[in-house]
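Trainee: Quick one, structure for this:
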Amino acid sequence: MKGLNQKLIVIMGAIVAIAGFATAQPLMVVGTGNPDIDVPAVQSAVDQGGTVVLMGRFSFDRPPTAPAAAIYNRMVTVSKRVVISGAPDYQGRMPTIEAGNWPFFIDAAGANVTIERLHFVAPKAGAIWVYAAGGLTIANCRIESLQPTAEFGMQAGQANPLAGAIFVGADPHPPNAVNPGMPGNFSGTLAILNNDIEVGATTPGPQMLGIVMFAVGKAPDKEVDIYVSGNRIRNLSEVAINFRLIGGRTRTERNVIVTGVIGSSDVIRVVGSGSHLVAHNSIDCGWPGGVATGINVFAQASPLPSEVGAIIVDNEITMSAPQDAVFASNSAGIQIGGPAQGNAVLNNRIRGRAAAAIMLFRRNGATPGNNTFVSNDLTDFQPSVANVFLDAGATNTVIVGSSTSLEDHGSGTVVIPMP
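Mentor: Sure thing, here's the model as predicted:
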């Protein structure tokens, strides 16, 4: 009887799909809980493009595959313009996609892809990998209990198993002069909005991240506008929002991030090229490791493009490490590092404990210059070194604000006190 019911559901879904195709209406696919039915059914629907509506419980719990000549395994490949949208069941529950090694892999250069209102449970390596797109929206999805894999770790050049909820990039290696990625795979507006991501880090070792974008966009003809806004991200062991080498503009706003207590890293990381705004985010960084940073902006060494002109404004950062934490010299609420130039850190509130609330730090053979700190509230911060730390070689720093402890090893520093 159960097998008959599953067959009837598939037949009904096929009838709806055929009727929808004839009238240019959305295609509906109803989950059966059988991966050998669900994966091919979803693949067939997205291959037609247009609008695909998913409903019910889907199981993707079977071995992944890679199309001919492709490198990376996945469950469903999205290769053309499509909107994949979840419809609630009669109890109001989002459609659920259980397991699967990268349930959706988007390889759709020049095409706009939307994935919205889906619930991913225990995806392996990650939920959505965007390899190429000419516009992207991932919105109002729920992702929980990522399962790190040795395969994804190896693909990214990491020794430990690795997982990331949403990865945008053609190469999971952090981009550098040897592995530059394929930034030309991306263009248009890329938006990751209002998703609820419970990464699920429970044990030390595996690297478990939130939203990652590596080598995305290329000037002058394939620049991108990136919006990462309104997401809730928690219980991760490494970076929650990670940008490296962006050809275009990013806006990271109104995200709420709670790290949990497994791991140690940067909560928001911005590396290299791009025009970046980081604003109105709420960060609770509770990692016990002494090198944790709330927001870290830094430039890599030449010949990679430098980092210039980020604006970090109106963020609420709480560094809530345990009382027995021992802080390394590069632990900070906000840190700017390497040959980064002309960044503005404005009106942020930083509480808790670390080596410093705000820091300019030498890395990649250079120290930042021409950076400005204005009206940041450090009243409730307890540094192990100083509220503001400027490393040796920092040049032409301007600090505007109320009296605060300063350890200055740089040159050309200007302090303008305010009541």
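
Trainee: quick one: the strands in the stretch 301-419 of the chain?
Mentor: Remark: strands assigned in the stretch 301-419 of the chain by DSSP state E, counting those that start in this stretch are 311-313, 316-319, 332-337, 344-346, 349-354, 356-361, 372-374, 381-383, 388-390, 398-401, 406-408, 414-417.

Trainee: Using TSV, please lay out the ones you listed together with mean neighbour count and mean pLDDT.
Mentor: C-beta coordinates here come from the backbone N, C-alpha and C atoms, glycine included. Listed next are the strands of the stretch 301-419 of the chain as TSV, based on neighbours: other CB atoms under 10 Å; pLDDT from 0 to 100:
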stretch	mean neighbour count	mean pLDDT
strand 311-313	21	98
strand 316-319	23	98
strand 332-337	29	98
strand 344-346	18	98
strand 349-354	22	97
strand 356-361	29	97
strand 372-374	19	98
strand 381-383	20	95
strand 388-390	25	97
strand 398-401	18	96
strand 406-408	16	96
strand 414-417	11	95
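
Trainee: who wins for proximity to Ala299 among the ones you listed?
Mentor: Closest of these to Ala299 is strand 332-337, at 7.5 Å (criterion: CB to CB).

Trainee: before we move on, the earlier item: Arg57: which of the strands of the stretch 301-419 of the chain is closest?
Mentor: Arg57 lies closest, by CB to CB, to one member of the strands of the stretch 301-419 of the chain: strand 316-319, at 37.7 Å.

Trainee: packing partners for the closest one?
Mentor: On a contact count with 3 or more CB pairs under 8 Å, 6 or more residues apart in numbering; DSSP states H and E, strand 316-319 meets strand 282-285, strand 293-298, strand 332-337, strand 349-354.

Trainee: could you dump those strands to a markdown table with distance to Asp377?
Mentor: Below are the helices and strands packed on strand 316-319 laid out as a markdown table (distance: least, CB to CB, whole Å):
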| stretch | distance to Asp377 |
| --- | --- |
| strand 282-285 | 14 |
| strand 293-298 | 14 |
| strand 332-337 | 11 |
| strand 349-354 | 4 |
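
Trainee: Please tell me how far the closest residue to Ala170 other than its chain neighbours sits from Pro63.
Mentor: In space, and not counting its chain neighbours, Ala170 is closest to Met182: 3.8 Å by CB to CB, 6 or more residues apart in numbering. Separation of Met182 from Pro63 (CB to CB, to the nearest Å) stands at 27 Å.

Trainee: Over to Leu54?
Mentor: Distance, Leu54 to Pro63, by CB to CB: 21 Å.

Trainee: Look at the two and report which has more neighbours.
Mentor: Remark: of Leu54 and Pro63, Leu54 carries more neighbours, 27 against 9, as counted by other CB atoms under 10 Å.

Trainee: pretty sure Ala108 is touching Gly49, no?
Mentor: No: counting by CB atoms under 8 Å, Ala108 does not reach Gly49; the two are 9.6 Å apart.

Trainee: Identify the contacts common to the two.
Mentor: Residues touching both Ala108 and Gly49 by CB atoms under 8 Å, 6 or more residues apart in numbering: Lys80, Arg81, Val82.

Trainee: how about JSON lines for these, with secondary structure added?
Mentor: What follows is those, written out as JSON lines (DSSP: H, G, I helix; E, B strand; the rest coil):
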{"residue": "Lys80", "secondary structure": "coil"}
{"residue": "Arg81", "secondary structure": "coil"}
{"residue": "Val82", "secondary structure": "strand"}
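
Trainee: which of the residues you listed lies closest to Asp225?
Mentor: Closest approach between the shared contacts of Ala108 and Gly49 and Asp225, by CB to CB: Arg81, at 18.3 Å.

Trainee: The closest one: neighbour count?
Mentor: If we define neighbours as other CB under 10 Å, then Arg81 has 16 of them.

Trainee: you'd agree it is up against Ala109?
Mentor: No: applying CB under 8 Å, one finds Arg81 not in contact with Ala109, separated by 11.2 Å.
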